[in-house]
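Asks: The following block contains a protein sequence and its predicted model.
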Amino acid sequence: MLTDDAPRQGEETKALFFELAASRDPAVRDRLVTAHLGLAHQLARRYLNRGEPYEDLVQVASLAIVKSVDRFDPDRGIEFTTFATRTVIGELKRHFRDKGWAVRAPRRVQELYLELGRATETLSQQLGRSPTVSELAASTGATEEAVLEALEAGQGYRTSSIDATGRNEETIGSHIGGEDASLGTIEDRELLAPALAALAPREQLILQLRFAHGLTQSEIAARVGISQMHVSRLLAASLKRLRSSVAEAGSTQSGGQAQPAQPERQSTRPSGREGRAASSSRAARERDGEVGGAAAR
Amino acid sequence: MTERKTGTISVDLSIPVQADLVVLARLAAATLASRAGFGVEDIEDLRLAVEELCLSLVGSREHGRLHLSYECEGDAIEVACWYEDDHAVDSARLVRADDLSLRILDALVDEHGRGLRDGRAGAWLRKRRSDRVV
């Protein structure tokens, strides 16, 4: 049962972060990043069917994991996975805000959404906080209803099947925590190694700078001495080759088998993990009464 | 700060379990949050959270109904969601969210929980306006 190992994995992760803080050892950093790439895959899968390729989402989420490892402070008393989840979701939201357009929205809605993006940026700077819908409406001359409509459409929410949430795919517990528990990650790494080695040295360097060190394309361009657009093309081509190699190697090694099925693990979850403390509002009292004390906290 | 409409507002919504109708659940939450003066960043978080709340209950099912109740009071909004299905459903199992759902909700809202009501699986969340500095 993966859940039984969760506390131990959490302790191992914490110990690694303390080791990283003390030594700044790149090998420890890499180990932490690699051990949590499964979380990136899991969260990227949550945002499928919004018009963005899965591989791009994994790329965004993986980069967010790198950022999370770099920014995480083990003394703050929160689990790394909680911290990383927030970071990854934030990055995915930003990605969709910047690039995503999955829903076939009318042109006026698309135009308003783009205008809202500019207005949000301006107002955020002016106000020092995220603007409200009414402030955006006043700024753009649209109605609040139109603003809400555009924001909803612009997010490109999944509109096909709920199946896309991947309910039967691997569990988060199979990837996070210690390396020994992240079977999928180890498999990924083993598959990746020969594929990476087959790339040209410059492409390997660019991939390393992008994903291991978290540099932006512009930063990589400045370091390598080529244009940002060229970096973008090389990254895309390298990733395409990697994906192709890994897919071939994966199908050869596993005979096309999927990841292990999701185990019945939640029955052993400590009750405190099911949610946070209830409030004292009327809705909360109703809610607590209605669920007959069974509401997990 | 923008004008905020005060007073408690309660809204009930019942939708068939269909992926393209979850938009109604999100829009109701966004509209109420907007009315309460939430920033767009908070509203985005709330939308994602409501979607996660619904999907964490129904999984890949495509039948039954989701009953949602929203209550907006002061600077907070609460959303409760219950799954009803005529088919045989192991509600106790539905109540147990997967780890990822819990982590996503942890990241997006202030409080959340799950439970059974009249044998039906339910989940709820509460989010306060953050007025966070950007």
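Replies: Alright, I've got the coordinates.
Asks: So which residues make contact with stretch B:69-76?
Replies: A:279, A:281-283, B:6, B:8-13, B:28-29, B:32-33, B:35-37, B:77-80, B:110, B:126-129 (CB atoms under 8 Å, 6 or more residues apart in numbering or on different chains). To be clear about C-beta, it is placed using only N, CA and C from the backbone, and glycine gets the same treatment.
Asks: does any bit of the helix or strand harbouring A:Ala27 sit next to chain B?
Replies: Take DSSP states H and E as the rule and A:Ala27 turns out to sit in helix A:26-35. No: Helix A:26-35 does not reach chain B (CB under 8 Å from any CB of the partner chain); its nearest approach is 15.6 Å.
Asks: what's the average pLDDT for that helix?
Replies: Helix A:26-35 shows an average pLDDT of 91 in the prediction.
Asks: Using PDB, write out the CA atom coordinates for it.
Replies: In PDB, the C-alpha atoms belonging to helix A:26-35 read as follows (Å, rounded to 0.1, in the frame of the first residue of the first chain):
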ATOM      1  CA  PRO A  26      23.300  19.500  -7.900                       C
ATOM      2  CA  ALA A  27      23.000  15.800  -7.600                       C
ATOM      3  CA  VAL A  28      20.600  16.100  -4.600                       C
ATOM      4  CA  ARG A  29      18.700  18.800  -6.500                       C
ATOM      5  CA  ASP A  30      18.400  16.500  -9.500                       C
ATOM      6  CA  ARG A  31      17.300  13.600  -7.400                       C
ATOM      7  CA  LEU A  32      14.500  15.700  -5.800                       C
ATOM      8  CA  VAL A  33      13.400  17.000  -9.200                       C
ATOM      9  CA  THR A  34      13.400  13.500 -10.800                       C
ATOM     10  CA  ALA A  35      11.600  12.000  -7.800                       C
END
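Asks: which parts of it are buried?
Replies: A:Val28, A:Arg29, A:Arg31, A:Leu32, A:Val33, A:Thr34, A:Ala35 (16 or more other CB atoms under 10 Å in any protein chain shown).
Asks: Surely the fifth one and A:Val66 touch.
Replies: Yes: between A:Val33 and A:Val66 there is a contact under CB atoms under 8 Å: 5.5 Å.
Asks: Helices of chain B, start to end?
Replies: In chain B, the helices defined using DSSP state H lie at B:22-35, B:40-58, B:91-95, B:99-108.
Asks: so where's chain B uncertain?
Replies: B:1-6, B:131-134 (pLDDT under 70).
Asks: ok now do the most centrally placed residue in it, which residues does it touch?
Replies: For chain B, B:Val50 is the residue whose C-alpha lies nearest the centre (CA atoms, centre = their mean; 3.4 Å). Shown in contact with B:Val50 (CB under 8 Å, 6+ apart): B:Ala25, B:Arg26, B:Ala29, B:Val79, B:Cys81, B:Leu125.
Asks: I'd like the distance between the nearest residue to it once chain neighbours are set aside and chain A.
Replies: Spatial nearest neighbour of B:Val50, chain neighbours left out: B:Ala29 (4.6 Å); criterion: CB to CB, 6 or more residues apart in numbering or on different chains. For B:Ala29, the distance to chain A equals 11 Å [CB to the nearest CB, to the nearest Å].
Asks: Run a quick neighbour tally on B:Ala29.
Replies: 27 (other CB atoms under 10 Å in any protein chain shown).
Asks: just A:Arg24 next, same as before
Replies: 9.
Asks: quick one, what contacts B:Leu32?
Replies: B:Ile9, B:Val11, B:Tyr70, B:Cys72, B:Ile77.
Asks: so the closest residue to it other than its chain neighbours bridges to which residues?
Replies: By the measure of CB to CB, 6+ apart, the closest residue to B:Leu32 outside its immediate chain neighbours is B:Cys72, 4.4 Å from it. Beta-bridge pairing for B:Cys72 (DSSP bridges): B:Ile9, B:Ile77.
Asks: Next, find the distance separating B:Cys72 from B:Ser34.
Replies: According to CB to CB, to the nearest Å, B:Cys72 stands 10 Å off from B:Ser34.
Asks: Hmm, A:Lys14 is touching A:Phe72, no?
Replies: No: look at A:Lys14 against A:Phe72 with CB under 8 Å: they stay out of range, at 10.0 Å.
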